[in-house]
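Visitor: Got a sequence here, can you model it:
(one chain, ligands or ions: 1)
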Amino acid sequence: MRELDTPPAIRLTGLRKRFAAGGTVALDDVSLEVAQGGIFGIVGRSGAGKSTLIRSVNLLERPDAGRVEVLGADMLALGESALLAARRGIGMVFQHFNLHARRTVAENVAFPLEVAGLPRAERAARVAEILPLVGLEAKRDNYPAQLSGGQKQRVGIARALASRPRILLSDEATSALDPETTQEILALLRALRDRLDLTVLLITHEMGVVKAICDQVAVMEAGRIIEQGRVFDVFTRPAHATTRRFVAEVIGHAVPAGTLARLPAPGEGQERRLVQVVFAGPNSTRAVVSEASRDFGIDINIISGRVDEIAGEPFGVMALAAYGPPGRVGAALDWMRGLGLDVTEIAP
Ligand SMILES: Nc1ncnc2c1ncn2[C@@H]1O[C@H](COP(=O)(O)OP(=O)(O)OP(=O)(O)O)[C@@H](O)[C@H]1O
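Guide: Residues are numbered from 1 along each chain as shown. Predicted structure coming up:
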């Protein structure tokens, strides 16, 4: 991450929100910090409180308690006009694009500038500058109905960037898109972050989105953040059961029951241990399976395996069945743990 010495772009402290007396608590003591230039993902199931949280940043939703600081400004202390100005520094992208059907691409992008009272010539100049950034110069006079979903979201992004915000909020921006278009839009968001020096806070129910572009992640459940940290750390060492389920969606290694049933039973005087091994860090590329097998005199059957990259770092996960005399198998697994690999038993 960049600019480690600068204060966070967004700092939320102790946010609480309940929509009705006696109703569900949408935010329950939520605190997080988004570093300048970072891409921070908030993931959680439907109803976890993600929308309420992201809408608290620009005060589309007012928390009942807590503190919202954006680029150093105490948002809850701002008067009406100062708040409007602060909001112009925070762009927002929506799941269903929210485009005006009867306005062209250029007119949609210019809309927030019109609301802000910018003269026509300046609006036109800004639109001409921004459409190439999202690859839509050729579509400037088209109407939303003439665009694909991905193109519509590019318009949504261009509109969010029209007032040159330093911060971009993304509310499930890719949830209505197919997987290929999702990857294109995510790549665009990352490129824009780099080019315009943006800070991005996004919410999603898909861990794949987090894996693709975020450097920090927070997992929400029932209004609380149950886990947060660097994406690589959370993916490779999820602490909470809910996080483990999310992580399993993209890097999971549930071994099918049929496969387990077909594994050979241990021979006379032998034991069998089934483990999942997560390879990360300096020993991720070491030939641990063959080394363990040779040095401890055991047999290791690789049931499944996959090598991946998370936040640009190599990462692998394997399911292994290890056979050998009692004691030696355990010693081999301990040796793997000693190398910093994450070894967990997956079945008896
Ligand atoms: N305007 C509202 N009035 C009353 N309750 C609300 C309102 N908005 C959200 N809630 C409730 O607050 C809780 C959190 O909702 P929120 O929309 O923030 O969750 P979410 O994680 O974004 O879910 P989704 O992905 O389905 O939008 C839910 O119980 C929801 O029903």
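Visitor: I'd like to know how far the residue nearest to the spatial centre of the chain sits from Ile42.
Guide: Closest residue to the average C-alpha location of the chain: Val210 at 2.3 Å, with CA atoms, centre = their mean. From Val210 across to Ile42, the span is 9 Å (CB to CB, to the nearest Å). Any C-beta I mention is one placed from the backbone N, CA and C, and that applies to glycine too.
Visitor: and the residue of the chain positioned farthest from its centre, what element?
Guide: Taking CA atoms, centre = their mean, the residue of the chain most remote from its mean C-alpha position is Glu268, at 48.4 Å. Per DSSP states H and E: Glu268 is located in neither a helix nor a strand.
Visitor: can you tell me which residues contact the nearest residue to Arg166 once chain neighbours are set aside?
Guide: Of all residues not flanking Arg166 in the chain, Gly89 sits nearest, at 5.5 Å (CB to CB, 6 or more residues apart in numbering). Gly89 makes contact with Val70, Leu71, Ser163, Pro165, Arg166, Ile167 under the criterion CB atoms under 8 Å, 6 or more residues apart in numbering.
Visitor: Show only the entries of the residues you listed found in strands.
Guide: Secondary structure from DSSP state E places Val70, Ile167 of the contacts of Gly89 in strands.
Visitor: In CSV, list the contacts of Gly89 along with neighbour count and distance to the ligand.
Guide: Putting these into CSV (neighbours: other CB atoms under 10 Å; distance: CB to the nearest ligand atom, whole Å) gives the following:
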residue, neighbour count, distance to the ligand
Val70, 24, 19
Leu71, 17, 24
Ser163, 18, 25
Pro165, 20, 22
Arg166, 16, 24
Ile167, 22, 19
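Visitor: Gly91 bridge partners, please.
Guide: Gly91 forms beta bridges with Leu168, as assigned by DSSP bridges.
Visitor: so who does it touch?
Guide: So Gly91 contacts Arg159, Ala160, Leu161, Ala162, Ser163, Pro165, Ile167, Leu168, Leu169 (CB under 8 Å, 6+ apart).
Visitor: Try it again at 6 Å.
Guide: Residues counted as contacts of Gly91 (CB atoms under 6 Å, 6 or more residues apart in numbering) are Ala160, Leu161, Pro165, Leu168.
Visitor: what does Arg67 give?
Guide: Contacts of Arg67 (CB under 6 Å, 6+ apart): Thr13.
Visitor: And it, its phi and psi?
Guide: Dihedral pair for Arg67: phi -130, psi 140, per degrees, to the nearest 10.
Visitor: Could you measure from it over to the ligand?
Guide: 19 Å (CB to the nearest ligand atom, to the nearest Å).
Visitor: Give me the pLDDT for the residue of the stretch 151-300 of the chain at minimum distance from the ligand.
Guide: Going by CB to the nearest ligand atom, the ligand is nearest to His205 of the stretch 151-300 of the chain, at 5.8 Å. Turning to His205, the model gives it a pLDDT of 92.
Visitor: got it, and Ile54?
Guide: On the pLDDT scale, Ile54 gets 97.
Visitor: Tell me where the stretch 1-150 of the chain has strands.
Guide: Secondary structure of the stretch 1-150 of the chain by DSSP state E, counting those that start in this stretch: the strands cover 10-18, 25-34, 39-44, 65-70, 73-74, 90-94.
Visitor: re the thing from before, how about the residue nearest to the centre of the chain, secondary structure?
Guide: When classified by DSSP: H, G, I helix; E, B strand; the rest coil, Val210 comes out as helix.
Visitor: What parts of the stretch 151-300 of the chain come near the ligand?
Guide: Contact residues, the stretch 151-300 of the chain versus the ligand (CB under 6 Å from any ligand atom): His205.
Visitor: ok, which stretches of the stretch 151-300 of the chain are helices?
Guide: 179-196, 207-213, 231-236, 241-251, 257-262, 288-296 (DSSP state H, counting those that start in this stretch).
Visitor: gap between stretch 260-273 and the chain center?
Guide: Centroid displacement of stretch 260-273 relative to its chain, using CA atoms, centre = their mean, to the nearest Å, is 40 Å.
Visitor: typo on my end, it should be stretch 61-79
Guide: 24 Å.
Visitor: Now that stretch: average pLDDT?
Guide: Stretch 61-79 comes out at a mean pLDDT of 96.
Visitor: how about it: buried residues?
Guide: Across stretch 61-79, burial judged by 16 or more other CB atoms under 10 Å covers Glu61, Pro63, Gly66, Val68, Glu69, Val70, Leu71, Met75, Leu78.
Visitor: Which residues are in contact with the last one?
Guide: Counting by CB under 6 Å, 6+ apart, Leu78 makes contact with Ala86.
Visitor: With the first one instead?
Guide: Listed by CB under 6 Å, 6+ apart, the contact set of Glu61 reads Thr52, Arg55.
Visitor: Repeat that for the fourth one.
Guide: Applying CB under 6 Å, 6+ apart, one finds that Val68 lies in contact with Leu12, Ser56, Met75, Leu76.
Visitor: ok, those residues vs the ligand, which is closest?
Guide: Ser56 (9.5 Å).
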